[in-house]
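Undergrad: build me a model from this:
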Amino acid sequence: MAKPQLKKSETTLVLTRQFDAPREQVFRAWTDPKALMQWFAPADSFTTPAADVELRVGGRYRIDMVSADGKHHIVAGEYREVRAPERLVFTWAWASKEPETGDTLVTVELRDLGGRTELVLTHERFLTAHARDLHEQGHSGCLDRLQRLLAVERARRLLTGAASDSTTMPREREAAIVLRRQFDAPRAQVFRAWTDPQVLMQWFAPSADFQIPAVEVDLRVGGGYRIEMIDPDGKRHCAIGRYEEIRPPEKLVFTWTWERDEIGTGDTLVTVDLRDVGGRTELVLTHERFQTAHARELHVFGHTGCLARLQLLLAAT
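TA: As a prediction, the model looks like this:
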């Protein structure tokens with residue numbers, strides 16, 4: 001009996017992300033072996049000990065990822081199109097033949113957004129919807145780690161004074177941060193992660209080397225919150241604000257500033273929208289009213305790290 005034909009939507013994966021980095025930097029992250037080793041793995045519990053790249057049409061690549069249990073996951077393929085800094089097309093196959101992906105193809109398109117970059121990743125020709133879904137999880141984790149890496153690089157340049165706009169008012173399009181994530185958890189669980197002090201203490205910091213010793217939440221309109229974070233140098237960073245809108249499990253709006261506002265954040269506003277996606281949750285975080293582009297970019301770094309930690313926490317529960 002012939003196998004049933006799958007619809008294209010069942011055999012194709014499309015992911016879109018925006019990065020606060022120019023196309024050249026994002027393209028290099030996809031093609032430089034040293035850069036790939038810093039982010040190309042589905043989760044922080046993986047390591048990427050080796051990446052081999054022969055960047056030319058017909059050239060090959062090989063990336064070795066090692067999971068927490070010591071198992072090697074090796075992906076390899078051939079470059080079909082190399083058009084820097086806008087497009088990369090390559091075949092994709094696992095050395096172990098698991099999961100059964102077949103002869104698949106990845107296209108990475110990079111679109112310039114005035115110094116920022118929109119990335120569209122298309123992975124097609126899967127044999128099964130199951131294989132496509134597994135790769136959606138993997139690619140999403142990789143892109144989270146890439147976003148965090150690029151944000152860290154941007155923050156370092158700002159902190160060392162390399163950026164020229166650190167003291168100027170941001171242009172209108174730069175005045176707000178908008179970050180989107182999808183979580184394999186229902187909205188109620190994600191909403192609780194944003195409002196329960198015990199849960200917030202497990203993830204609300206930009207990286208795992210921060211501590212979160214105290215979180216206070218008065219969850220009512222007009223109520224306040226305070227989140228204390230301690231960086232690896234022992235310095236305390238306390239975010240504070242008040243709740244302006246609480247609509248479980250779909251929306252949370254709160255003001256945001258720092259007890260010691262050393263970077264000129266000012267009185268800003270955060271909106272967290274949670275949208276149901278068939279039992280999963282799409283989160284849209286908007287942070288607006290920054291006084292300087294410098295403060296905005298540092299918060300891109302912080303929020304990106306926080307959301308990556310939230311994704312790991314929800315995946316583990």
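
Undergrad: spatially central residue for the protein, please.
TA: D144 (2.7 Å; Cα atoms, centre = their mean).

Undergrad: so the residue nearest to that one when sequence neighbours are not counted, which state does it fall into?
TA: Spatial nearest neighbour of D144, excluding adjacent residues (Cβ to Cβ, 6 or more residues apart in numbering): A308 at 4.8 Å. No exception for glycine: its C-beta is placed from N, CA and C like everyone else's. The local conformation at A308, judged by DSSP: H, G, I helix; E, B strand; the rest coil, is helix.

Undergrad: what's the distance between A308 and V199?
TA: Separation of A308 from V199 (Cβ to Cβ, to the nearest Å): 16 Å.

Undergrad: re the thing from before, now the residue nearest to the centre of the chain: how far from R309?
TA: 10 Å.

Undergrad: ok, back up a step: do you know how far the residue nearest to the centre of the chain is from I246?
TA: Taking Cβ to Cβ, one finds D144 at 27 Å from I246.

Undergrad: just D231 next, same as before
TA: In terms of Cβ to Cβ, D231 sits 30 Å off from I246.

Undergrad: same check on D273?
TA: Taking Cβ to Cβ as the measure, D273 falls 13 Å from I246.

Undergrad: same check, this time on M65
TA: For M65, the distance to I246 - Cβ to Cβ - is 41 Å.

Undergrad: what do you get for A29?
TA: 38 Å.

Undergrad: and these two? Which one has more around it.
TA: A29 (20 against 16; other Cβ atoms under 10 Å).

Undergrad: run through the residues that contact that one.
TA: For A29, the contact set (Cβ atoms under 8 Å, 6 or more residues apart in numbering) comprises 35-36, 39, 146, 149-150.

Undergrad: and those, which two are the farthest apart?
TA: Farthest apart among these by Cβ to Cβ are L36 and L150. That separation is 13.3 Å.

Undergrad: after the helix or strand Y243 falls within, which helix or strand is next?
TA: Y243 is part of strand 236-247, with elements assigned from DSSP states H and E. Next along the chain after strand 236-247, taking DSSP H and E as the criterion, comes strand 251-258.

Undergrad: quick one: list the elements packing against the next helix or strand after that next one.
TA: With elements assigned by DSSP H and E, the helix or strand that comes after strand 251-258 is strand 268-277. Counting contacts by 3 or more Cβ pairs under 8 Å, 6 or more residues apart in numbering; DSSP states H and E, strand 268-277 is packed against helix 187-195, strand 251-258, strand 280-288.

Undergrad: export the ones you listed to TSV and append columns for mean pLDDT and mean neighbour count.
TA: Converted to TSV, those look like this (pLDDT from 0 to 100; neighbours: other Cβ atoms under 10 Å):
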stretch	mean pLDDT	mean neighbour count
helix 187-195	98	19
strand 251-258	96	18
strand 280-288	94	17
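
Undergrad: among the ones you listed, which is nearest E81?
TA: strand 280-288 (30.8 Å).

Undergrad: only alpha carbons, please: show the closest one as PDB.
TA: Presented in PDB, the C-alpha positions along strand 280-288 are these (Å, rounded to 0.1, in the frame of the first residue of the first chain):
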ATOM      1  CA  ARG A 280       1.400  26.200  23.200                       C
ATOM      2  CA  THR A 281       2.000  29.900  23.900                       C
ATOM      3  CA  GLU A 282       3.400  32.800  21.800                       C
ATOM      4  CA  LEU A 283       4.800  35.500  24.000                       C
ATOM      5  CA  VAL A 284       5.300  39.100  22.700                       C
ATOM      6  CA  LEU A 285       7.300  41.300  25.000                       C
ATOM      7  CA  THR A 286       7.300  45.000  24.300                       C
ATOM      8  CA  HIS A 287       9.500  47.300  26.400                       C
ATOM      9  CA  GLU A 288       9.100  51.000  25.500                       C
END
